[in-house]
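1. Coordinates only, no sequence provided:
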């Protein structure tokens, strides 16, 4: 199950309904909602001091998230500045993210060896070997024009730039992971608060990540 805030809302509604039906009182649901909003709040309302652990974890996770966001922005800005300095990119240009990604892989935007447009021409021939018109249409649809010019001054500069872009990808992966952990902290805290109200006897959790570094949370619940 992929964890996101829509899932949190659904879980809140389901367990709030269960708690109200099981007891006829709103208190378990209130404690559940407290920890769903602020992990540990429901536990502290029930005089369970380990609720501070949920609060501390939440604060730590959000601190990590803000740090990774800042580092993502810092590396993005550094890569833009570096490209303008060492690849003659138009400093007034506003380019899509894919443009900056292509700069990692090609020495220039041109038709010279190692250039992006040269790659597009070769790709057109490979895809449409016996159709010159289709080749031309493909080329016109995919090459960069003069406004999207770049030319790395050296392989070293291109490598340094690539490191900046690689860091952006890395921090984005960290953001996905931390976002999932934050969501899991809310869900686990909320269900634990409900468990403390004696509506759940056994709760078992498992946390894993898929190939895209998206956290996955499994929860097995046994009701009394």
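-> Okay, I see it. Please read these numbers as outputs of a predicted model, since none were measured by experiment.

2. show me what contacts residue 156?
-> Contact analysis of residue 156 by Cβ atoms under 8 Å, 6 or more residues apart in numbering lists nothing. All C-beta atoms are positioned from the backbone trio N, CA, C, and that covers glycine.

3. where does the residue minimising distance to the centre of the chain sit relative to residue 53, distance-wise?
-> Nearest to the mean C-alpha position of the chain, by Cα atoms, centre = their mean, lies residue 176 at 3.3 Å. Residue 176 is 24 Å from residue 53, where distance means Cβ to Cβ, to the nearest Å.

4. Can you pull out the residues in contact with stretch 157-164?
-> Applying Cβ under 8 Å, 6+ apart, the external contacts of stretch 157-164 come out as 75, 76, 78, 79, 82, 83, 86, 87, 103, 104, 107, 152.

5. Please convert those to TSV, extending it with secondary structure and distance to residue 62.
-> Listed next are the contacts of stretch 157-164 as TSV, based on DSSP: H, G, I helix; E, B strand; the rest coil; distance: Cβ to Cβ, whole Å:
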residue	secondary structure	distance to residue 62
75	helix	21
76	helix	21
78	helix	24
79	helix	26
82	helix	30
83	helix	32
86	helix	36
87	coil	36
103	helix	33
104	helix	31
107	coil	41
152	coil	39
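
6. any idea of the mean pLDDT for the longest helix anywhere in the chain?
-> Identified as the longest helix of the chain according to DSSP state H is helix 155-196. The average pLDDT within helix 155-196 is 93.

7. Tell me how far the host helix or strand of residue 67 lies from the chain's centre.
-> Element membership for residue 67, per DSSP states H and E: helix 51-86. Averaged C-alpha coordinates place helix 51-86 at 12 Å from its chain's average position (Cα atoms, centre = their mean, to the nearest Å).

8. Which is the succeeding secondary structure element to the least confident helix or strand in the chain by mean pLDDT?
-> For the chain, the helix or strand with the lowest mean confidence is helix 5-23, at a mean of 51 (criterion: mean pLDDT, DSSP states H and E). The helix or strand immediately downstream of helix 5-23 is helix 27-37, counting by DSSP H and E.

9. tell me how far that following helix is from the chain's mean position?
-> Helix 27-37 sits 28 Å away from the centroid of its parent chain (Cα atoms, centre = their mean).

10. so what does the very next helix or strand once past it touch, helix or strand wise?
-> Going down the chain from helix 27-37, the next helix or strand is helix 41-45, by DSSP H and E. Counting contacts by 3 or more Cβ pairs under 8 Å, 6 or more residues apart in numbering; DSSP states H and E, helix 41-45 is packed against helix 27-37, helix 51-86, helix 155-196.

11. Out of the ones you listed, which gets nearest to residue 144?
-> helix 51-86 (13.6 Å; Cβ to Cβ).

12. So which bits of the closest one are buried?
-> Residues 51, 54-55, 57-58, 61, 64-65, 68, 71-72, 75-76, 78-80, 82-83, 86 are the ones in helix 51-86 that count as buried (16 or more other Cβ atoms under 10 Å).

13. same deal with stretch 127-146?
-> The neighbour-count check on stretch 127-146 (16+ other Cβ under 10 Å) flags 128, 135, 138, 139, 143, 144 as buried.
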